[in-house]
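K.L.:
for reference, the sequence and a predicted model appear below.
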Amino acid sequence: MKKDYDVLIIGAGAAGNAVASKIRNAETLVIEKKKIIGEPAECAGLVSKNCIDIMGFKDERFIQNEIYGAYIHSPEGQEYHIGGDKLHAYAIDRGEFDRFLAEKGKENGADYLLGVRVERVARGEKGITVKTKGEGFECNLLVGAEGIDSITRRTFFGYEPEEVLFGIGAEVENIDVDPRNVHVFFGNKLAPGFFAWIIPTSRKGKSARIGLCTTYPPPYPSKKLLHNLLNYPTTRPFLENIDIIKVIAGRIPLGYIRESAEDNVMLIGDSAFQVKPVSGGGIYPIAISSKACVVTIEKALEEKNFSKRILKRYHEMWSSKLKKEIVLGMWVRRFFNKLKDDEIEKLLAYLKREDVIETINMYGDMDHPSKLILPLCRRIPSLLSLLPRFLTLF
């Protein structure tokens, strides 16, 4: 294996592979600590149709099911439905998704080094030096895509997330749910500070991905959280007879990072907190950011200039598309974290109104929640009282 590369990517998850899959005419190395790309998966695996369209994929092997709507369950057991006949999202096999992107990266000529942990990154004479246990590499440009514990971010940027979520869930079979709709469950005894979900992963509704997120560190041990998920009054009727195939867990970083580019270095994905705070989803931000990242890389390679002056364009590009939603999402998080179950119940009760449901179905966008603000305020004027607090964040 070569020792000198144009681009070195740490992390072969969706973020790192998305960049590698798009780079042309560059000597690229991807280093991944896992021996098998995508295993274990740490993702609920629900992505918007828009996200798949942006990435240019359709009917690929990683798509498990099509999602048209959602059943919303209140803490006290009220059920509301949003959505209809419009395709909104896909349930995907996240491991297969990561491997699919890696194959695209290899087709572009990228080298992959698996089962190897990066121990140190530092500035060298020609650019960046990357040290593993037994080897060292030099690169002109380092892309940190290694996730929440990014050694790249901590070495060159020093930022930490504003908030961290902890998610735990399972792949299950022998379930019987409507395959066209996800289920979302609220309740502070079930998922303090967030929500739980059932995502059908087969077109017959016989298998699913279940889970919940909560604040980190979690209020209960992992086994207790999983026990609550299986036995909470609103979730138990769906999960009584399931077979658990595999348990998954992980942490999710939230917040807006003020810088994601430095001389010879860029951050992407969880390393840069590019996550939707309202849902915890990271694939759509990766779809946006990977395009900006590759455009910037190509510009830097063309000019043979890897300075911050050139690379900061990456941060500006992805921020122009994602900053508003991330900042809005963090405001929603701070507001939601203070709500008690009876207050959540009152808010969800607006879903009884046909005009509210019509507004959500017309303007709702899982990648851009801000599109709902003004239409909902027209329907529910009392929401206007919250806007001044939101606007102070910008």
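P.N.:
Perfect, thanks for sending it.
K.L.:
from now on I want contacts and neighbour counts done on CA atoms only, so please keep to that.
P.N.:
Fine.
K.L.:
shaky segments in the stretch 201-350 of the chain?
P.N.:
For the stretch 201-350 of the chain, applying pLDDT under 70 flags no range at all.
K.L.:
mind jotting down where the strands sit in it?
P.N.:
For the stretch 201-350 of the chain, strands defined by DSSP state E, counting those that start in this stretch occupy the ranges 207-215, 243-254, 261-262, 265-267.
K.L.:
distance of Gln64 relative to Leu374?
P.N.:
According to C-alpha to C-alpha, to the nearest Å, Gln64 stands 34 Å off from Leu374.
K.L.:
check Pro285 too.
P.N.:
23 Å.
K.L.:
check Ala261 too.
P.N.:
Distance of Ala261 to Leu374, given as C-alpha to C-alpha: 34 Å.
K.L.:
higher neighbour count, the two?
P.N.:
Ala261 (26 against 15; other C-alpha atoms under 10 Å).
K.L.:
what's the distance between the residue nearest to the more buried one when sequence neighbours are not counted and Pro277?
P.N.:
Spatial nearest neighbour of Ala261, chain neighbours left out: Lys312 (5.3 Å); criterion: C-alpha to C-alpha, 6 or more residues apart in numbering. Lys312 sits 24 Å away from Pro277, going by C-alpha to C-alpha.
K.L.:
what does Pro253 give?
P.N.:
Distance from Pro253 to Pro277, by C-alpha to C-alpha: 9 Å.
K.L.:
who's in contact with the residue nearest to Ala261?
P.N.:
Shown in contact with Lys312 (C-alpha atoms under 8 Å, 6 or more residues apart in numbering): Ser260, Ala261, Glu262.
K.L.:
show me what contacts the first one?
P.N.:
Just to be clear, that refers to Ser260. So Ser260 contacts Phe157, Met266, Leu267, Ile268, Ala272, Lys312, Tyr314, His315 (C-alpha under 8 Å, 6+ apart).
K.L.:
need those in a markdown table (columns: distance to Arg180).
P.N.:
Below are the contacts of Ser260 laid out as a markdown table (distance: C-alpha to C-alpha, whole Å):
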| residue | distance to Arg180 |
| --- | --- |
| Phe157 | 43 |
| Met266 | 39 |
| Leu267 | 36 |
| Ile268 | 32 |
| Ala272 | 33 |
| Lys312 | 42 |
| Tyr314 | 37 |
| His315 | 37 |
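K.L.:
let me know the closest of these to Arg334.
P.N.:
Set against Arg334, the nearest of the contacts of Ser260 by C-alpha to C-alpha is Ala272 (20.1 Å).
K.L.:
next, count neighbours for the closest one.
P.N.:
Burial of Ala272 is recorded as 29 neighbouring residues (other C-alpha under 10 Å).
K.L.:
and for Val143?
P.N.:
Neighbour number of Val143 under other C-alpha under 10 Å is 27.
K.L.:
so it, which of the three states?
P.N.:
strand (DSSP: H, G, I helix; E, B strand; the rest coil).
K.L.:
and the closest residue to Pro75 other than its chain neighbours, which of the three is it?
P.N.:
Spatially, and ignoring its direct neighbours in sequence, Pro75 is nearest to Gly187 (4.5 Å; C-alpha to C-alpha, 6+ apart). Secondary structure assignment for Gly187 (three-state DSSP): coil.
K.L.:
one more: Val164?
P.N.:
Val164 - assigned by three-state DSSP - is strand.
K.L.:
is it bridged to anything, and to what?
P.N.:
For Val164, the beta-bridge partners are Pro253 (DSSP bridges).
K.L.:
what's it in contact with, if anything?
P.N.:
If you count contacts by C-alpha under 8 Å, 6+ apart, Val164 has them with Thr215, Tyr216, Arg251, Ile252, Pro253, Leu254.
K.L.:
distance check, it against Glu135.
P.N.:
Using C-alpha to C-alpha, Val164 is found at 33 Å from Glu135.
K.L.:
for the helix or strand Thr129 falls within, the distance to its chain's centre please.
P.N.:
If you go by DSSP states H and E, Thr129 is part of strand 128-132. From the chain centre to the centre of strand 128-132 is a distance of 27 Å (C-alpha atoms, centre = their mean, to the nearest Å).
K.L.:
so what touches that strand?
P.N.:
By C-alpha under 8 Å, 6+ apart, strand 128-132 touches 116-123, 136-142, 264.
K.L.:
among those residues, name the buried ones.
P.N.:
Listed as buried from the contacts of strand 128-132 are Arg117, Val118, Val121, Phe137, Glu138, Cys139, Asn140, Leu141, Leu142, Asn264; burial here means 16 or more other C-alpha atoms under 10 Å.
K.L.:
what segments of the stretch 51-200 of the chain are helices?
P.N.:
Ranges of helices in the stretch 51-200 of the chain, per DSSP state H, counting those that start in this stretch, are 94-107, 151-156.
K.L.:
the last one: which residues count as buried?
P.N.:
Within helix 151-156, the residues scored as buried using 16+ other C-alpha under 10 Å are Ile151, Thr152, Arg153, Phe156.
K.L.:
by neighbours, which of the contacts of Ser260 wins?
P.N.:
Within the contacts of Ser260, neighbour counts (other C-alpha under 10 Å) peak at Leu267, which reaches 33 neighbours.
K.L.:
identify the bridge partners of the residue nearest to that residue when sequence neighbours are not counted.
P.N.:
Distances taken as C-alpha to C-alpha, 6+ apart put Gly144 closest to Leu267, at 4.7 Å, once the chain neighbours are dropped. Note on Gly144: beta-bridge partners by DSSP bridges are Ile10, Leu267.
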